[in-house]
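> with the sequence up front, the predicted model follows.
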Protein chains: 2
Amino acid sequence: MSVLPKALLKLIEELGSLPGVGPRTAERYAYHLLRSDKHVADRLSNAISNLHSGVALCPKTFALIDASEELSPLYTSSDRNKKLVAVVEDPLDVVALERTNQFKGTYHVLGGVISPIDGIGPEQLHIQELLQRIGDDAVQEVILAMNASVEGESTALFLQKQFEEQGISVRVSRLARGLPMGVDLEYADQITLSHALEGRQTL
Amino acid sequence: MSVLPKALLKLIEELGSLPGVGPRTAERYAYHLLRSDKHVADRLSNAISNLHSGVALCPKTFALIDASEELSPLYTSSDRNKKLVAVVEDPLDVVALERTNQFKGTYHVLGGVISPIDGIGPEQLHIQELLQRIGDDAVQEVILAMNASVEGESTALFLQKQFEEQGISVRVSRLARGLPMGVDLEYADQITLSHALEGRQTL
């Protein structure tokens, strides 16, 4: 004898596939949708079913674009400097960098990082397209803006090697490592603090 | 210039209406759905759009039931003792009590608690139907299983008064108050500890 209606159980099960959502959270979401107006549930349902058809990948930068667009507006806009390229792992990293309002270059989304343990090698990433683009657009500087993880670092090293091996002369930089804003020195981890020391700046 | 595709922004906005979901979590959910197979998104979308049509309220107990059922199986089943009624606030409280595998009575869902600050008075709750049911089913014991909150307590008091005023003679009990399992005495709050002292049991 099931305690909850099948339609609710089904929804709880499906919501449980979202990242970090356990059975209790899924129950809470499902019950919230049940209690709210049917329009709220319908709007969410439509937004989900329109997602895949409404989103495409920019064939040049591999950023997410509207399916109706051909290229990312962050690439085609005349405001953006095509000679400066920030290489990021995921499409959402573009959003994070755009939030700073500081970067006026263009992006290149790798689509992940090299991670043998997950079976991801260089050939699965958009590295070939990056090399191509550096030539096509006469790129002057590549900012390696990968996550500050072991995989991020080794992907950055791999890219640097590729540039050298293929004789691509381009300035390569990476995001600064150091203390994040608002952190107490005594709580900073060892590696962060080592980076902050190494990269210390003259005042 | 929008950084993310419209379809993705729309989904992030809709997901943000779920309880406790902020912009970052909504982004993570949306991006997860975008990366997973279209079937995963379709299943979730369908589960949400089928929710309201698949779920109904039992007209007797106000528990959630399949739209195809007439009464809650937890009420109609011959295994359940109709003379023992647990009164709960929300439909999901039924699930919590069923999980104990200890309760063999039936349920009555109030649909909330009396809370003047939220504009919820006794007339918005299924209290009249409870009184009716106590007579119809010759109920012998009512367990007031509201949440251990101020509103839960005052709703329990209100119900007790109603029984008295209307001359309904029924045994009224409530869930025990005391230390939850696994809690250190030194971390238990004052009120919980007072309840545990008051309700101490002879060994």
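Good, I have the coordinates.
> quick one, strands of chain A?
All strands of chain A, identified by DSSP state E, fall at A:55-57, A:64-66, A:81-88, A:105-109, A:141-144, A:171-174.
> can I get the CA coordinates of the helix or strand bottoming out on mean pLDDT in chain A in PDB?
Using mean pLDDT, DSSP states H and E, the weakest-scoring helix or strand in chain A turns out to be helix A:190-198, at a mean of 89. The C-alpha atoms that make up helix A:190-198 are tabulated as PDB, following Å, rounded to 0.1, in the frame of the first residue of the first chain:
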ATOM      1  CA  GLN A 190      48.700  25.900   3.300                       C
ATOM      2  CA  ILE A 191      48.700  25.800  -0.500                       C
ATOM      3  CA  THR A 192      46.700  29.000  -0.800                       C
ATOM      4  CA  LEU A 193      49.100  30.700   1.500                       C
ATOM      5  CA  SER A 194      52.100  29.400  -0.300                       C
ATOM      6  CA  HIS A 195      50.700  30.800  -3.600                       C
ATOM      7  CA  ALA A 196      50.000  34.100  -1.900                       C
ATOM      8  CA  LEU A 197      53.600  34.300  -0.700                       C
ATOM      9  CA  GLU A 198      55.100  33.300  -4.100                       C
END
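> for the residue positioned nearest the centre of chain A, give me the pLDDT.
Centroid-nearest residue in chain A: A:Asp90, 2.3 Å away (criterion: CA atoms, centre = their mean). At A:Asp90, the pLDDT value in this model is 91.
> count of neighbours near the nearest residue to it once chain neighbours are set aside?
Using CB to CB, 6 or more residues apart in numbering or on different chains and skipping the chain neighbours, the partner closest in space to A:Asp90 is A:Val109 (6.7 Å). For every residue, glycine as well, the C-beta is placed using N, CA and C. Neighbour count for A:Val109, taken as other CB atoms under 10 Å in any protein chain shown: 25.
> per-residue pLDDT, A:Val109?
pLDDT, read off for A:Val109, is 96.
> any idea how far it is from B:Ala176?
57 Å (CB to CB, to the nearest Å).
> ok, A:Gln128 next?
Taken as CB to CB, the span from A:Gln128 to B:Ala176 is 67 Å.
> surely the residue nearest to A:Asp90 touches A:Ala63?
Yes - taking contacts as CB atoms under 8 Å, A:Val109 lies within contact range of A:Ala63: 5.4 Å.
> who touches both of those two?
Common neighbours of A:Val109 and A:Ala63, using CB atoms under 8 Å, 6 or more residues apart in numbering or on different chains, are A:Pro91, A:Val94.
> what's the least confident helix or strand of chain A in contact with?
A:Arg177, A:Gly178, A:Leu179, A:Pro180, A:Leu185, A:Ala188.
> do stretch A:10-30 as well
By CB under 8 Å, 6+ apart, the list of residues contacting stretch A:10-30 reads A:4, A:8, A:33, B:18-21, B:25, B:28-29, B:32-33, B:36, B:40, B:43-44, B:47-48, B:50-51, B:92, B:95.
> sweet, I'm off.
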